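*Asks:* The sequence and its predicted three-dimensional model are supplied below.
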Amino acid sequence: MSDAVGLDGLRNCIIASGGLSGILNALLATIDIGDEVVVTDPTYVGLLNRIRLPGGVPRAVPFVFRPGATWQFDRAAIYRREDARDAADVAFDAQRRCVRCG
């Protein structure tokens, strides 16, 4: 079963012993030393070490909370940082390619 961009869960899926080990494997396979990795703020602190281990640089982008509403990712905050624009483009492009399970 493929999705709209041609990813297939039987061919494009890995099984990991946990979410953070899966994230670490993905980071080890895809980033180079000095690459920026966009994370939300707040984020799980254990994720930061997994970004730094292969040489990545975490770049926090805030979640915005408004009473009576839900937390929202502040996309505009990424574009306020000149050096994070390329990372933002990659992150948003990757969202379109992700396979969602469940």
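*Replies:* On my side now, so go ahead. The shown structure was predicted, so the numbers you read here are calculated from the model rather than taken from an experiment. Residues are numbered from 1 along each chain as shown.
*Asks:* Contact partners for Leu48?
*Replies:* Neighbour list for Leu48: 39, 58 [criterion: CB atoms under 8 Å, 6 or more residues apart in numbering]. (Each C-beta comes from the backbone N, C-alpha and C, glycine too.)
*Asks:* 7 Å - rerun?
*Replies:* By CB atoms under 7 Å, 6 or more residues apart in numbering, Leu48 lies in contact with Pro58.
*Asks:* again, but for Gly22
*Replies:* Applying CB under 7 Å, 6+ apart, the residues near Gly22 are 14, 16.
*Asks:* Give me the local confidence score for the closest residue to Trp71 other than its chain neighbours.
*Replies:* Leaving aside its chain neighbours, Trp71 sits nearest to Phe63 (4.5 Å; criterion: CB to CB, 6 or more residues apart in numbering). Model confidence at Phe63, given as pLDDT, is 82.
*Asks:* Then Asp35?
*Replies:* So, for Asp35, pLDDT stands at 89.
*Asks:* give me the number of residues near Cys13?
*Replies:* By other CB atoms under 10 Å, 10 other residues sit near Cys13.
*Asks:* Give me the helices and strands touching the longest strand seen in the chain, please.
*Replies:* Taking DSSP state E as the criterion, the chain has its longest strand at strand 57-64. Secondary-structure packing of strand 57-64 (3 or more CB pairs under 7 Å, 6 or more residues apart in numbering; DSSP states H and E): strand 36-41, strand 72-73, helix 75-79.
*Asks:* Tell me the strands beside the longest one, with direction?
*Replies:* Translated: strand 36-41. Paired neighbours of strand 36-41 in the sheet (DSSP bridges): strand 57-64 (parallel).
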